[in-house]
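*Asks:* Next comes the sequence, and after it the predicted model I'd like to discuss.
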Amino acid sequence: MTKRSKAYRAAAEKIQSGILYTPAEAAKLAKATSVTSFDSTVDVVLRLGVDPRKADQMVRGTVSLPHGTGKTARVVVFAQGEKAEQAIAAGADEVGGDELIAKVAGGYTDFDAAVATPDLMGKVGRLGRVLGPRGLMPNPKTGTVTMDVAKAVTDIKGGRIEFRVDRAANLNFVIGKVSFTEDQLVENFRAALEEVLRLKPATSKGRYILKATMATTMGPGIPMDVAKA
């Protein structure tokens, strides 16, 4: 059994057992139960009633949070020529073609998102072993394989998040920082939830969202009733 810190135990005592909190109540509790000295990230985990092993039940998407994430994402762009110049002008942290591909192939992953132009995907696709496990592989479905690299960079740095259900049917996403107001956290959560609901697979039967939990970095989980969102 994991030994919890005194601060964690004190925070956990503020959460009543057997209670499903509204998103607004959960946001208030998240701020009250943060146990770190830094501005913790606030995350939400949804347990979905889908079978991720089936291709038609893979829930994956992006959404732009109205209040951002509280963090400016580091974005790399695989592009050349004019598109590379556009990416640089949009604020990409690193831009390149073959040389950047070789750098990432060597293990470089110090970034939060990767964007690529379609013409380079033949080469970028070989980076699956490095980027895939970290959820960093550019994908047309999430708008990260595109000719409009400037828009992609601007969107990501402006607070767009990407989410994807894992093998255990859990879906995790960031909704902000502890320093956000309760209203900002709730509005970000609602925006993300709306997109997750929109993406419900037609083949998914029964309840779609089985469980929802909000938590801060290293803080206790706060169970939510998403029907009250």
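*Replies:* That came through, no problem.
*Asks:* center of the protein - which residue?
*Replies:* Taking C-alpha atoms, centre = their mean, the centroid of the chain lies closest to residue 173, which sits 3.9 Å from it.
*Asks:* next structured bit after the lowest-mean-pLDDT helix or strand in the chain?
*Replies:* Least confident helix or strand, the chain: helix 6-12 with a mean of 83, by mean pLDDT, DSSP states H and E. From helix 6-12 onward toward the C-terminus, using DSSP states H and E, the following helix or strand is helix 23-32.
*Asks:* packing partners for the very next helix or strand once past that next one?
*Replies:* Once the chain leaves helix 23-32, the next helix or strand it forms, by DSSP H and E, is strand 41-48. Helices and strands touching strand 41-48, by 3 or more C-beta pairs under 8 Å, 6 or more residues apart in numbering; DSSP states H and E, are strand 170-177, helix 182-198, strand 209-216. (Glycine included, C-beta is placed from N, CA and C.)
*Asks:* The ones you listed into TSV, with extra columns for mean pLDDT?
*Replies:* Listed next are the helices and strands packed on strand 41-48 as TSV, based on pLDDT from 0 to 100:
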stretch	mean pLDDT
strand 170-177	95
helix 182-198	96
strand 209-216	96
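*Asks:* Rebuild these as TSV, extending it with distance to residue 118.
*Replies:* Shown next, in TSV, are these (distance: least, C-beta to C-beta, whole Å):
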stretch	distance to residue 118
strand 170-177	27
helix 182-198	24
strand 209-216	34
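*Asks:* Out of those, indicate the one that is most buried.
*Replies:* Of all the helices and strands packed on strand 41-48, strand 170-177 carries the top mean neighbour count, a mean of 21, counting by mean count of other C-beta atoms under 10 Å.
*Asks:* Can you give the strand pairings for that strand, parallel or anti for each?
*Replies:* strand 41-48 (antiparallel) (DSSP bridges).
*Asks:* Only the buried residues of the strand it pairs with, if you could.
*Replies:* Within strand 41-48, the residues scored as buried using 16 or more other C-beta atoms under 10 Å are 41-44, 46-48.
*Asks:* Of these, which is the nearest to residue 208?
*Replies:* For those, the minimum distance to residue 208 (C-beta to C-beta) is 6.4 Å, reached by residue 48.
*Asks:* Give me the phi and psi for the closest residue to the residue nearest to the centre of the chain other than its chain neighbours.
*Replies:* Take residue 173 and drop its neighbours on the chain: the residue closest to it by C-beta to C-beta, 6 or more residues apart in numbering is residue 163, 4.4 Å away. Main-chain dihedrals, residue 163, degrees, to the nearest 10: phi -130, psi 150.
*Asks:* Perfect, that will be all.
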